[in-house]
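**Q** Build me a structure from this.
(4 chains)
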There are 2 protein chains.
Amino acid sequence: MVERIVEAGRAVLAEEGYDACSTNRIAARAGVSPGSVYQYFPDKAAIVAAVIEGWSDETAERVAASLADRVGEPGGIGMVRATIEALLSALEADPELLRVVSEELPMAQHKERRTALERRVRELTATWLAVRPGASTAPDPAVSAWVLVLALENLAVRWVLDSPPVPRERLVEELVALVTGYLSAPRPG
Amino acid sequence: MVERIVEAGRAVLAEEGYDACSTNRIAARAGVSPGSVYQYFPDKAAIVAAVIEGWSDETAERVAASLADRVGEPGGIGMVRATIEALLSALEADPELLRVVSEELPMAQHKERRTALERRVRELTATWLAVRPGASTAPDPAVSAWVLVLALENLAVRWVLDSPPVPRERLVEELVALVTGYLSAPRPG
DNA sequence: TCCTGACGCGAGTGATCACTCGCATACAAT
DNA sequence: ATTGTATGCGAGTGATCACTCGCGTCAGGA
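**A** Just a heads-up that it's a prediction; the model follows:
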């Protein structure tokens, strides 16, 4: 029943956008009365939060799983490409919801969850960077991970949402070049 | 007088956030009556749009000027660093407003303006990439420019807003490494 | 001095929407 | 059968806020 409401919230957000996402509309979509919604959720924000949490966990899981499975493996270009593929696939799963989450929701509501997601991926990346062969050229794994995660995240999101005239395989090549180039760039010192 | 209202809108947005930014509050801040506002603006969105436009033009001008001045110069690492510095300085000028623009405003309202800004910078970057020495390693300047602009933009914005424990000079070094590494990365083919 | 019209004023209005409350219904226990 | 309880219902309510409208006020011309 809670599930039905959350599912309706997700559908309304994805199909009609944030502005149209009133509590009554969610209730109607779920086939329940507005009053019943408040037996399971304290307020509207809680419903939206539950929707975001579901999507966020799902997305994070796909990327983190790909990373976590391979941390410790002989680091190579295959690992980088696989992670990028996982990120793209995860974001492509529900582009409408992605659009609403990144462009329509006031970020204050879900900032904490989003940074938690990023932190998780960042830490996995930092670990991988630290144990990968040739780690010495990149002085601080934490900083490198921060740079890579934010750069890739934005590029992947914008590619999915703006659909620029760049084929998917080409994008993957570019992102791989971005990562490998950055990691092998000469440093002052 | 229009100017007074826009200035008040900017102040309210930056200091109190988007939620508190009601028309009456803007009017009060400007020292005019709510009614008078509507002799100069058709609706609330127009006020916000004017605020964003001012900030956006200002920001774009600083970055674009730095780029435009040097397109055609002997391309080198100095050019990259100078542009990154210009970007950071521009975003640091009003962090509060930057936060509201990137995190609180529903992006639908100012998406067009923001993409226009990005397109302008992207085209300048593409031009620079095309004429720079060693351009042959990067097959498509438009694609490379798209990658670089989106990556740098997000990193710069997040650095200003989240203030991670990375000193500014260090950030600049990382971003320079990101750009130069990407541009010199080996490509399949 | 009187007229006039444009500018600005601010209480008011209508619509929206999150949230509530008293009622109906269906089911379990006696 | 009858009562007690929990579950869901949906019209209603209060507050918020973008926007309006009729009135004062104070220019400058006659």
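**Q** what's the burial count for A:Thr125?
**A** Per other C-beta atoms under 10 Å in any protein chain shown, the neighbour tally for A:Thr125 reads 23. Glycine gets a C-beta too; all of them are placed from N, C-alpha and C.
**Q** you'd agree it is up against A:Ala151?
**A** No. If you go by C-beta atoms under 8 Å, A:Thr125 and A:Ala151 don't touch, sitting 11.5 Å apart.
**Q** Could you list the domains of chain A?
**A** Annotated domains of chain A cover A:1-41, A:55-184 [automatic domain parsing].
**Q** Which stretch among those approaches chain B most closely?
**A** Closest approach to chain B among the domains of chain A is made by domain A:55-184 (3.3 Å; C-beta to the nearest C-beta).
**Q** Show the end-to-end separation of the closest one, please.
**A** Distance across domain A:55-184, first residue to last, is 34 Å (C-alpha to C-alpha, to the nearest Å).
**Q** Any chance of JSON lines for the domains of chain A, columns distance to DNA strand C and mean pLDDT?
**A** What follows is those, written out as JSON lines (distance: least, C-beta to the nearest atom of the strand, whole Å; pLDDT from 0 to 100):
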{"stretch": "domain A:1-41", "distance to DNA strand C": "3", "mean pLDDT": "93"}
{"stretch": "domain A:55-184", "distance to DNA strand C": "13", "mean pLDDT": "91"}
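**Q** Please identify which of these is closest to B:Glu104.
**A** Between B:Glu104 and the domains of chain A, the tightest spacing by C-beta to C-beta is seen for domain A:55-184, at 5.4 Å.
**Q** so which strand or helix has whatever residue of chain A ends up closest to DNA strand D?
**A** The nearest approach of chain A to DNA strand D comes at A:Gly35, 1.7 Å away (C-beta to the nearest atom of the strand). For A:Gly35, the element it lies in under DSSP states H and E is helix A:34-37.
**Q** Could you pull out the buried residues of the helix or strand just after that helix?
**A** Going down the chain from helix A:34-37, the next helix or strand is helix A:44-70, by DSSP H and E. When neighbours are counted by 16 or more other C-beta atoms under 10 Å in any protein chain shown, the buried residues of helix A:44-70 are found to be A:47-52, A:54-56, A:59-60, A:62-64, A:66-67, A:70.
**Q** which residues does A:Val149 contact?
**A** A:118, A:121-122, A:125 (C-beta atoms under 8 Å, 6 or more residues apart in numbering or on different chains).
**Q** Next up, identify which helix or strand it is on.
**A** Assessed by DSSP H and E, A:Val149 sits inside helix A:141-162.
**Q** now that helix against helix B:141-162, angle please.
**A** 120 degrees (axes from the mean of the first three to the mean of the last three C-alpha atoms, to 10 degrees).
**Q** Report the angle between helix A:141-162 and helix A:44-70.
**A** 120 degrees.
**Q** which parts of the very next helix or strand once past helix A:141-162 are buried?
**A** Using DSSP H and E, the helix or strand that directly follows helix A:141-162 along the chain is helix A:168-184. Neighbour counts over helix A:168-184 (16+ other C-beta under 10 Å) mark A:171-183 as buried.
**Q** ok, and which of the residues you listed reach chain B?
**A** A:173-175, A:177-178, A:180-183 (C-beta under 8 Å from any C-beta of the partner chain).
**Q** Since that was my last question, I'll sign off now.
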